[in-house]
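Colleague: sequence and predicted structure, then a few things I'm wondering about:
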Amino acid sequence: MKHRAGFVAILGRPNAGKSTLLNALLGTKLAIVAPRPQTTRTAIQGVLKLPGAQIVFVDTPGIHESSTLLNKRMMDQVRASADADVVLFLVDATARPSDEDAGAVDLVKKTGAPAIAVFNKIDKLREKAKLLALIERYKEMHDFAAYVPISALKGDGVDLLRKEILARIPEGPALYPKDHLTDQPERFLAAEIIREKVLHLTRQEVPHAVAVMIENWEDTPGLVRIAATIYVERPGQKAILIGAGGALLKKIGTLARREIETLVGKKVYLQTFVKVRPNWRQDPEFLAATDWRGMAGT
Ligand code: GDP
Ligand code: MG
């Protein structure tokens, strides 16, 4: 059997059970939680490694029904799911049907990806007939690839769902280097987070000239001390990155620190340095050290 690899997005209303489902799908196999290389808004929530397959779950903002930002959020969600190979549309089977359900299904249609309708919280459902009626309702709204009742909380139906997902993941090599899933995922991810902040906050030629190296990682019970170097190719880029009075670098550091704190679940003391290293992109040793290939998604 050929190796399979692909992206899966979980869509659904707040409280439908997306986070619970993600944990159930990943089980103890959670490899990394990381931003996705080369995109700015989509975050990786976890990578499921199966024999012969790698399934990457990508985060999408929730569907919020009552917000002036609704439209924007919805478009964000669609955009975030646009390159997913499979979309899971999660429905809280215990929630009362509402007019907004069709709107949510429209989002699924817009992604253009094969979508699996997942009916969650069946452990709380007394009458089976209700579930069947609900499935019928969604069948009328969209031609889903499959309809799977589950309890993300109890684990019922999750194995079946995993199989339904896997069957729709295209053939392809692993998307993430294996060693980074097992070795030092947090260091790699911290570097990715810093790089992502640079991409967000700079323009033009700077982003492509950036690589991040974690120089020091000191894990103590209450605090992680991290020293990171941001490499650029030219002095002009260094000046841009540091910014007037160091303001930009400070901002990058603050934003990255907050996110790394969430990642490691501890306070983080983050020091960032900027160094010029001409032509680092042509330096094989340097590329291997920063795993620039993996970061660039090539
Ligand atoms: P999210 O907002 O879509 O990420 O939803 P969460 O995963 O945070 O779940 C929302 C609430 O629903 C939490 O209180 C969960 O414990 C609960 N929940 C999720 N899945 C199930 C399930 O299968 N059965 C039951 N009874 N509760 C669930
Ligand atoms: Mg959640």
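Modeller: On my side now, so go ahead. Ligands and ions are numbered 1, 2, ... in the order given.

Colleague: what's around residue 13, how many residues?
Modeller: 19 (other C-beta atoms under 10 Å). Quick note: C-beta positions are derived from backbone N, CA and C, even for glycine.

Colleague: okay, now the residue of the stretch 101-250 of the chain found nearest ligand 2: neighbour count?
Modeller: The nearest approach of the stretch 101-250 of the chain to ligand 2 comes at residue 152, 11.0 Å away (C-beta to the ion). By other C-beta under 10 Å, 25 other residues sit near residue 152.

Colleague: quick one: contacts for it?
Modeller: By C-beta atoms under 8 Å, 6 or more residues apart in numbering, the residues touching residue 152 are 17, 20-21, 23-24, 120-121, 158.

Colleague: got the confidence number for the residue of the stretch 51-200 of the chain found nearest ligand 1?
Modeller: Closest residue of the stretch 51-200 of the chain to ligand 1, C-beta to the nearest ligand atom: residue 153 (3.4 Å). For residue 153, the model assigns a pLDDT of 90.

Colleague: residue 265 now?
Modeller: At residue 265, pLDDT is 84.

Colleague: ok, it - how many residues close by?
Modeller: Residue 265 has 8 nearby residues by other C-beta under 10 Å.

Colleague: swap in the one 10 residues further on?
Modeller: Number of residues near residue 275 (other C-beta under 10 Å) recorded here: 11.

Colleague: and it, that's in a helix?
Modeller: No - per DSSP: H, G, I helix; E, B strand; the rest coil, residue 275 lies outside any helix segment and is strand.

Colleague: which non-adjacent residue is nearest residue 8?
Modeller: In this structure, residue 8 finds its nearest non-sequential neighbour in residue 86, 4.8 Å apart by C-beta to C-beta, 6 or more residues apart in numbering.

Colleague: who's in contact with that neighbour?
Modeller: 6-9, 113-116, 145, 165, 168-169.

Colleague: and residue 262, its phi and psi?
Modeller: Taking degrees, to the nearest 10, you get phi -70, psi -40 for the backbone angles of residue 262.

Colleague: just the contacts of residue 152 now: which is nearest residue 193?
Modeller: Ranked by distance to residue 193 (C-beta to C-beta), those are led by residue 23 at 21.4 Å.

Colleague: in a strand, that's where that closest one is, yeah?
Modeller: No - using three-state DSSP, the secondary structure at residue 23 is helix, not a strand.

Colleague: make 685 the starting number, not 1.
Modeller: Sounds good: first residue 685 from here, last item residue 707.

Colleague: count the residues that sit near it.
Modeller: The burial count for residue 707: 16, using other C-beta under 10 Å.

Colleague: that one and residue 701: what is the separation?
Modeller: As judged by C-beta to C-beta, to the nearest Å, residue 707 and residue 701 stand 10 Å apart.

Colleague: burial count for residue 909?
Modeller: Residue 909 has 14 neighbours, counted by other C-beta under 10 Å.

Colleague: now it: how far from residue 803?
Modeller: According to C-beta to C-beta, residue 909 stands 46 Å off from residue 803.

Colleague: surely residue 805 touches residue 775?
Modeller: No - Residue 805 lies out of contact with residue 775 (C-beta atoms under 8 Å); the separation is 9.2 Å.

Colleague: between these two, point out the one with more neighbours.
Modeller: Using other C-beta under 10 Å as the criterion, residue 805 and residue 775 rank with residue 775 on top: 25 against 22.

Colleague: wasn't that one part of a strand?
Modeller: Yes - assessed with three-state DSSP, residue 775 lies in a strand.

Colleague: ok, what's across the strand from it?
Modeller: Here residue 775 sits in beta bridges with residue 803, going by DSSP bridges.

Colleague: secondary structure element for the residue of the chain found nearest ligand 2?
Modeller: Nearest residue of the chain to ligand 2 (C-beta to the ion) works out as residue 703 at 3.4 Å. In this structure, residue 703 is located in helix 702-710 according to DSSP states H and E.

Colleague: return that helix as PDB; C-alpha atoms alone will do.
Modeller: In PDB, the C-alpha atoms belonging to helix 702-710 read as follows (Å, rounded to 0.1, in the frame of the first residue of the first chain):
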ATOM      1  CA  LYS A 702     -14.400  20.000  17.900                       C
ATOM      2  CA  SER A 703     -11.600  20.100  20.500                       C
ATOM      3  CA  THR A 704     -12.900  16.900  22.100                       C
ATOM      4  CA  LEU A 705     -13.000  15.200  18.700                       C
ATOM      5  CA  LEU A 706      -9.500  16.200  17.800                       C
ATOM      6  CA  ASN A 707      -8.200  14.800  21.000                       C
ATOM      7  CA  ALA A 708     -10.200  11.600  20.500                       C
ATOM      8  CA  LEU A 709      -8.900  11.200  16.900                       C
ATOM      9  CA  LEU A 710      -5.300  11.800  17.900                       C
END
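
Colleague: if anything else comes up later, I'll come back, but that's it for now.
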